[in-house]
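**Q** Predicted coordinates and the sequence they were generated for:
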Amino acid sequence: MVAALTDSLALSGFPPPLIRRLVIKIGSALLVDPSGAVRVDWLRTLVADIAERKAAGQQIIIVSSGAIALGARRLKLPKGGRGSLEDAQAAAATGQIALSQCWASLLDERGITAAQMLVTLDDLENRRRYLNASATLERLMQLDVVPVVNENDSVATAEIRFGDNDRLAARIGQAARADAVVLLSDVDGLYTANPHADASAMLIERIEKIDARIAAMADGGSASGMGSGGMTSKIEAARIATGAGAHLAIISGKVDAPLSHWAKGGTGSIFVAAATKRARKGWLAGRLTVRGRITVDAGAERALGKGNSLLPAGVAHVEGIFARGDVVDILTLDGRVIARGLIEYDSEAAAKIAGRRSEDIAALLGEMPRSVLVHRDHMAMV
């Protein structure tokens, strides 16, 4: 089914008949000019694209950067408001009002109601709050409203923030059960090298699998100096989106009406969706934070690949401080993350039973409440 859908998509701009729900991410460099003012004329062409798609039956969610850049201008802060965490928080608090007013006004011109959602990393990493966000997005879709989502930078700290809206867009797409995510960028897709620095770089139009070769093509820099992401964050976003069963496209936002331009033959890169994971496993695989790391031997690696649970006997090493129910990464002996899951024991107990047979657990811990370290029902391969 996925293959048939992507074959029909080609580079046709994620058409409404096939893509029912679409997330569109707009970066700061596209939305705000170097002086810190909104590029209203360009944004109006994007809103016209959105209105056309909505009229054709597509549901739209917007993930919009720009609050810090707008606020920095109003507060006359140096370094675009990113000189310190305090400056960024103050700029975000000030700029978010202007940003939401701009979106609401332009969407209203087209008869579209906008809603604002501000989230932090914790809101999407905590299972209960993630489900709350998902329910809110679903209700807004039912009410024919366009949510405008941004990271709540006024309260986020370095430890609890996405840091870029590429990955936020992918996680919102996952929470909203979107069919596709479009990242509007200052480049028109993934190239074999940085096209700004290497004239021989070639565009890759379709990516079926994100492997080491694809990851090595990323450049983490933000060309404008205004945003916080780069191609690295976009590939990480693609991992999240495709793992949740959504296609992800990177296209140029440096043209007017960028969605129409792409649909009419403009270039871009599409990361093809994987087979959809169950909701809970998709949430696990898409998480950006974990509490610990469990290294397994070759036998356990093979067993996990066959869909089995992780037994203590296959564990070579335990890292981190975690409680039962926390999320941990599962790694191979050479350091590759192959799975993510909910641990059945705290870190102290896990370290004690690592490498031991299940029947030895009672003697080591005084009881054997569970025979597995991570159950297959609470584990997602990545």
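**A** In hand now; what should we look at? Numbering: from 1, shown residues only.
**Q** How about residues contacting stretch 261-277?
**A** Counting contacts by C-beta atoms under 8 Å, 6 or more residues apart in numbering, the residues outside stretch 261-277 that touch it are 2, 6, 9, 11-15, 180, 188-190, 203-208, 210, 238, 241-252, 255, 258, 282, 285, 380. For the C-beta atoms, the positions are set from N, CA and C on the backbone; glycine is no exception.
**Q** Please identify the buried residues of that stretch?
**A** 261-263, 266, 268-274, 277 (16 or more other C-beta atoms under 10 Å).
**Q** And for stretch 128-145?
**A** Applying a neighbour-count criterion of 16+ other C-beta under 10 Å, one finds 130, 133-134, 136-137, 140-141, 145 buried in stretch 128-145.
**Q** now stretch 296-316
**A** Counting neighbours by 16+ other C-beta under 10 Å, one finds that the buried residues in stretch 296-316 are 296-297, 300-301, 303-304, 309-315.
**Q** Quick one: end-to-end length of it, please.
**A** Start to finish, the residues bounding stretch 296-316 are 5 Å apart (C-alpha to C-alpha, to the nearest Å).
**Q** roughly how far out does stretch 56-72 sit from the chain middle?
**A** Put simply, stretch 56-72 sits 15 Å off its chain's centre (C-alpha atoms, centre = their mean, to the nearest Å).
**Q** Redo the buried residues of stretch 261-277 as CSV? Include pLDDT, distance to I330 and secondary structure.
**A** What follows is those, written out as CSV (pLDDT from 0 to 100; distance: C-beta to C-beta, whole Å; DSSP: H, G, I helix; E, B strand; the rest coil):
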residue, pLDDT, distance to I330, secondary structure
H261, 95, 43, helix
W262, 94, 38, helix
A263, 93, 41, helix
G266, 88, 41, coil
G268, 93, 34, strand
S269, 94, 30, strand
I270, 94, 30, strand
F271, 95, 24, strand
V272, 92, 25, coil
A273, 89, 24, coil
A274, 80, 19, coil
K277, 60, 16, coil
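**Q** Out of the contacts of stretch 261-277, list just those in strands.
**A** 180, 190, 203-204, 206-207, 247-252, 380 (DSSP state E).
**Q** coming back round to it: among the contacts of stretch 261-277, name the buried ones.
**A** Buried positions within the contacts of stretch 261-277, assessed by neighbour count (16+ other C-beta under 10 Å), are 6, 9, 11, 13-14, 180, 188-190, 204, 207, 210, 238, 241-252, 258, 282, 285, 380.
**Q** what stretches of the chain score poorly on pLDDT?
**A** When residues are selected by pLDDT under 70, those of the chain lie in 1-12, 156-163, 219-229, 276-280, 368.
**Q** how is it carved up into domains?
**A** Domain assignment of the chain by automatic domain parsing yields the ranges 2-282, 290-381.
**Q** Of those domains, flag the one that's most buried.
**A** Most buried of these, by mean neighbour count (mean count of other C-beta atoms under 10 Å): domain 2-282, with a mean of 19.
**Q** on that earlier part again, nearest to S105, of the buried residues of stretch 261-277?
**A** Of all the buried residues of stretch 261-277, the one with the least separation from S105 (C-beta to C-beta) is H261, at 23.7 Å.
**Q** Now render the buried residues of stretch 261-277 as a markdown table, adding distance to G355.
**A** Rendered in a markdown table, the data for the buried residues of stretch 261-277 read as follows (distance: C-beta to C-beta, whole Å):
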| residue | distance to G355 |
| --- | --- |
| H261 | 57 |
| W262 | 53 |
| A263 | 56 |
| G266 | 55 |
| G268 | 48 |
| S269 | 44 |
| I270 | 44 |
| F271 | 38 |
| V272 | 39 |
| A273 | 38 |
| A274 | 33 |
| K277 | 30 |
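**Q** and those residues, which two are the farthest apart?
**A** Checking those against each other with C-beta to C-beta, the farthest-apart pair comes out as H261 and K277, at 32.6 Å.
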